[in-house]
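Undergrad: Whatever this is, show me its structure:
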Amino acid sequence: MRQYIIAGNWKMNKTVSESVQLAKDIVEAVKDVKKTEVVIAPTYLAAAKVADVVKGTNVKLAIQDIHWKDQGAYTGKVSIDMVKEIGAEYVIIGHSEQRQYFHETEETVNLKVKKTLEAGLKPIICIGETLEQRNGGILKEILGLQIKGAFKDVSAEDAAKCVLAYEPVWAIGTGVTATDEQAQDTQAYARSVVKEIYGEAVAEGMRIQYGGSMKGANAPGLLAQKDIDGGLIGGAGLKADTFKAIIDAAEAK
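TA: Numbering: from 1, shown residues only. Sure, this is the predicted structure:
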């Protein structure tokens with residue numbers, strides 16, 4: 001059985017001191033969690049101090065993005081060695097906001113996935129469609145391109161280390177959530193694409209999160225679906241109690 005993974009993506013929220021406090025609150029709240037993998041992704045500025053808070057606990061650190069180059073003249077970016085040195089285990093790659101606002105492409109997603117894997121860290125690869133794409137009947141085409149693009153020239157062994165995060169763009173931060181059935185159908189399709197590329201063993205082993213206004217109230221229904229293995233949490237991840245409510249739903253399964 002695939003282990004649930006609940007990851008809080010803090011995006012551009014919380015000062016460094018606020019991030020440290022939130023990390024402490026989450027560590028305390030989830031100290032007795034046994035079955036669910038808990039991950040938090042603070043801002044770059046807060047990451048090193050948050051890393052100190054979560055070290056030795058059952059909370060793991062993710063970074064919100066990396067550059068695919070080792071070093072160089074890339075103002076405003078961070079490299080994988082910087083991320084690895086502070087103890088991060090996960091890197092979020094290809095988030096819809098990166099695609100929408102910062103010109104992320106299938107090619108750059110792939111470069112970042114490979115760089116993360118080379119360093120021994122685990123990518124959380126985001127995929128998802130806009131409302132126009134869903135209504136236009138090209139949801140499967142879009143997801144297929146995103147998944148195949150992310151995994152281009154990635155071995156089955158490395159692919160098995162990755163997490164997929166399905167985030168319908170129309171549900172991110174809007175308060176609108178895909179129905180349990182919509183999310184399940186789409187994530188089952190995503191798994192079928194992985195199966196097409198790598199075979200059944202990798203596909204069945206890969207964890208696929210749902211992201212897009214998941215919260216304590218709707219988490220039980222979403223997490224009950226066969227192909228939903230956790231959540232990539234935005235707003236509800238910014239308070240320890242609302243984040244813990246989602247983790248509790250996973251623990252109860």
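Undergrad: Please identify the buried residues of the helix or strand of the chain with the lowest mean pLDDT?
TA: Taking mean pLDDT, DSSP states H and E as the measure, the chain has helix 131-135 as its least confident helix or strand, at a mean of 88. Residues of helix 131-135 classed as buried by neighbour count (16 or more other C-beta atoms under 10 Å): Gln133, Arg134. Bear in mind the C-beta positions are built from the backbone N, C-alpha and C, glycine included.
Undergrad: cool, and stretch 77-92?
TA: For stretch 77-92, burial by neighbour count (16+ other C-beta under 10 Å) applies to Val78, Ser79, Ile80, Met82, Val83, Lys84, Ala88, Glu89, Tyr90, Val91, Ile92.
Undergrad: just stretch 113-129 next, same as before
TA: Across stretch 113-129, burial judged by 16+ other C-beta under 10 Å covers 113-117, 119, 121-129.
Undergrad: Could you do stretch 178-198 as well?
TA: Applying a neighbour-count criterion of 16+ other C-beta under 10 Å, the buried positions in stretch 178-198 are Ala178, Asp180, Ala183, Gln184, Thr186, Gln187, Tyr189, Ala190, Arg191, Val193, Val194, Tyr198.
Undergrad: rewinding a little: contacts for the least confident helix or strand of the chain?
TA: Counting by C-beta atoms under 8 Å, 6 or more residues apart in numbering, helix 131-135 makes contact with Leu139, Ile142, Pro168, Val169, Trp170, all of which sit outside it.
Undergrad: any idea how far the helix or strand just after that helix is from the chain center?
TA: Along the chain past helix 131-135, the next helix or strand (assigned with DSSP states H and E) turns out to be helix 139-150. On the basis of C-alpha atoms, centre = their mean, to the nearest Å, the separation between the geometric centre of helix 139-150 and that of its chain is 17 Å.
Undergrad: All good on my end, thank you.
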